[in-house]
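K.L.:
Build me a model:
(one chain, ligands or ions: 1)
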Amino acid sequence: MNDAGDGGSATRSALDVRTVLVPASDPAASAALIDLLPADAPLSWLRRGEGLVGWGVAATVRTSGPTRFSDAAKWWTETVAAATVEDSVDEPGTGLVCFGTFTFSDEPPADDFADGDSVLVVPQVVVGRRGDLTWLTTIGVADAHVEVADAPAPPVDLTFADGALSGDEWMEVVADAVSRIEAGDLEKIVLARDLVATAAAPIDIRWPLRRLAAAYPTCWTFHVDGLFGATPEMLVRRERGLVTSRVLAGTIRRTGDDERDLALAAMLAHSSKDLEEHEYAVRSVAEALEPYCSSMNVPETPFVLHLPNVLHLATDVAGVARDGESALELAAALHPSAAVGGTPTPVARALITEIEGMDRGRYAAPVGWMDATGDGEWGIALRSGVLHDNQVRLFAGCGIVGGSDPEAELAESQAKFVPVREALGG
Ligand SMILES: C=C(O[C@H]1C=CC=C(C(=O)O)[C@@H]1O)C(=O)O
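P.N.:
Numbers count the residues shown, from 1 in each chain. Next up, the predicted model:
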């Protein structure tokens, strides 16, 4: 674990935090939050126009390996204890907040891919919105300049190429997994693949972010330290003692024809393959949350979540927090759910490492934010990509059970690339 720059801990011990309401007469109160982001170090967590945007770095920590969550949680507790907070709004997400992204794997990053590890960032400026309220938080800075930024430019001359494996190679991996499932080694595994998009010049992250937020308003549009996307899956939200999780697994591609899509939704709701895949995911979340909740509600039947590119089976699990575990501690306990790992989890994780053929980095791992009380939201970084200058690595994965068809899974992965792929397009 190390603090950023030459004065991470010194900066941290001196954090002065101030949250004020933005008056309705201020243009920032009616601007779309995403439009306020400057080009330098923007952070976002937005759904339906609400949530948090931030920029600047007041403090940060990088962690890695099996203790990446607990090290980050400890650093956050210490950071909160050392801060002086003046908060006249007092809502979840006001006062001191951090944004974070974690790696999928317990393994430290294989190379000197410095931004491939796990990160918490405390921004210097946060603008938040919830219902009619818009607030401004400044951290370690006396003042903030908040205004609608110039429109970002689109990526130049973008081309797409296969990532670690070609489509054909990936289908062979899926077929291998199906035979291992049918041999009884495991019940479910989620296998992912990547694509690489290359532009002729560095990409302004705000371009895909604005497009994702517009095209996928019911998803959480995120960006933390190069990892961005619009995820439909909430690993865990903790808000004033209530814990919720939106579990997704089981997918059908949309056709674009509303009537056909409705028929597909009915098929999905009755597909035994998808219901089985979904059941594993719900069970993994319910079992992991149980020790932390005094009561829980786990619906018996999923609903169908309609997104612009796909339909998913979805279940909203809710519980009442028993003790004071923070949203991050809960996320650590839930990761990886069977929506991104498999069943049994240890067997699936080992098989992912053995046959998937790529490093997931922060794909399919917790991404989100947390406040000083430990309330926060950690989504699963799906429908996502990671930006390095002029390149984006895009990820998509599919739940594989006995009887899964490699060709159908390849088509499903292509549908899951669509959000980031189209967001990058001109
Ligand atoms: C792993 C991904 O999706 C998960 C979430 C929803 C549906 C899924 C599925 O049907 O396979 C996956 O479990 C991804 O989008 O990369």
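K.L.:
List the contacts of Ala164.
P.N.:
Taking C-beta atoms under 8 Å, 6 or more residues apart in numbering, we find Ala164 in contact with 193-194, 357-358. To be clear about C-beta, it is placed using only N, CA and C from the backbone, and glycine gets the same treatment.
K.L.:
got the residues you listed as TSV, with neighbour count, secondary structure and distance to Ala151 columns?
P.N.:
Supplementary listing: the contacts of Ala164 in TSV, determined by neighbours: other C-beta atoms under 10 Å; DSSP: H, G, I helix; E, B strand; the rest coil; distance: C-beta to C-beta, whole Å:
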residue	neighbour count	secondary structure	distance to Ala151
Arg193	29	strand	32
Asp194	25	strand	29
Gly357	17	coil	39
Met358	16	coil	34
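K.L.:
Out of these, which two sit at the greatest distance?
P.N.:
Across these, no pair lies farther apart than Asp194 and Gly357, at 9.6 Å, counting by C-beta to C-beta.
K.L.:
still on that earlier bit, wait, which of the contacts of Ala164 is closest to the ligand?
P.N.:
Arg193 (9.1 Å; C-beta to the nearest ligand atom).
K.L.:
Am I right that that closest one is in contact with Met358?
P.N.:
Yes - using C-beta atoms under 8 Å, Arg193 makes contact with Met358 at a distance of 7.3 Å.
K.L.:
what is in contact with the two at once?
P.N.:
Common neighbours of Arg193 and Met358 (C-beta under 8 Å, 6+ apart) are 163-165.
K.L.:
Please tabulate those residues in JSON lines, including the columns secondary structure, pLDDT and distance to Thr345.
P.N.:
Formatted as JSON lines, those follow (DSSP: H, G, I helix; E, B strand; the rest coil; pLDDT from 0 to 100; distance: C-beta to C-beta, whole Å):
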{"residue": "Gly163", "secondary structure": "coil", "pLDDT": "96", "distance to Thr345": "25"}
{"residue": "Ala164", "secondary structure": "coil", "pLDDT": "96", "distance to Thr345": "23"}
{"residue": "Leu165", "secondary structure": "coil", "pLDDT": "97", "distance to Thr345": "23"}
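K.L.:
residues in contact with the closest residue to Cys293 other than its chain neighbours?
P.N.:
Spatial nearest neighbour of Cys293, chain neighbours left out: Gly319 (3.2 Å); criterion: C-beta to C-beta, 6 or more residues apart in numbering. Neighbouring residues of Gly319 by C-beta under 8 Å, 6+ apart: 242-244, 289-290, 292-297.
K.L.:
now do Thr353
P.N.:
105, 107.
K.L.:
Rounded mean pLDDT for the helix or strand harbouring Leu248, please.
P.N.:
Secondary structure assignment for Leu248, by DSSP states H and E: strand 242-253. Across strand 242-253, pLDDT averages out at 96.
K.L.:
try stretch 365-383
P.N.:
Confidence over stretch 365-383 (mean pLDDT, whole number) is 98.
K.L.:
do the same with stretch 94-111
P.N.:
For stretch 94-111, the mean confidence score works out to 90.
K.L.:
Quick check: buried residues in it?
P.N.:
Buried residues in stretch 94-111, defined by neighbour count with 16 or more other C-beta atoms under 10 Å: 94-105, 109.
K.L.:
how far out from the middle of the chain is that stretch?
P.N.:
11 Å (C-alpha atoms, centre = their mean, to the nearest Å).
K.L.:
Do it and the ligand come into contact?
P.N.:
No - between stretch 94-111 and the ligand, judged by C-beta under 6 Å from any ligand atom, nothing touches; the nearest distance is 10.6 Å.
K.L.:
just stretch 193-204 next, same as before
P.N.:
No - counting by C-beta under 6 Å from any ligand atom, the ligand is not contacted by stretch 193-204; separation bottoms out at 9.1 Å.
K.L.:
mind saving the C-alpha coords of that stretch as PDB?
P.N.:
The C-alpha trace of stretch 193-204 is given here as PDB (Å, rounded to 0.1, in the frame of the first residue of the first chain):
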ATOM      1  CA  ARG A 193     -12.900 -11.700 -23.700                       C
ATOM      2  CA  ASP A 194     -11.400  -8.400 -24.700                       C
ATOM      3  CA  LEU A 195     -11.200  -6.100 -27.800                       C
ATOM      4  CA  VAL A 196      -8.700  -3.300 -28.300                       C
ATOM      5  CA  ALA A 197      -9.800   0.000 -29.800                       C
ATOM      6  CA  THR A 198      -7.000   2.300 -31.100                       C
ATOM      7  CA  ALA A 199      -7.300   5.900 -32.000                       C
ATOM      8  CA  ALA A 200      -4.800   8.100 -33.800                       C
ATOM      9  CA  ALA A 201      -4.600  10.500 -30.800                       C
ATOM     10  CA  PRO A 202      -5.200  10.300 -27.100                       C
ATOM     11  CA  ILE A 203      -8.900   9.800 -26.200                       C
ATOM     12  CA  ASP A 204     -10.800  12.300 -24.100                       C
END
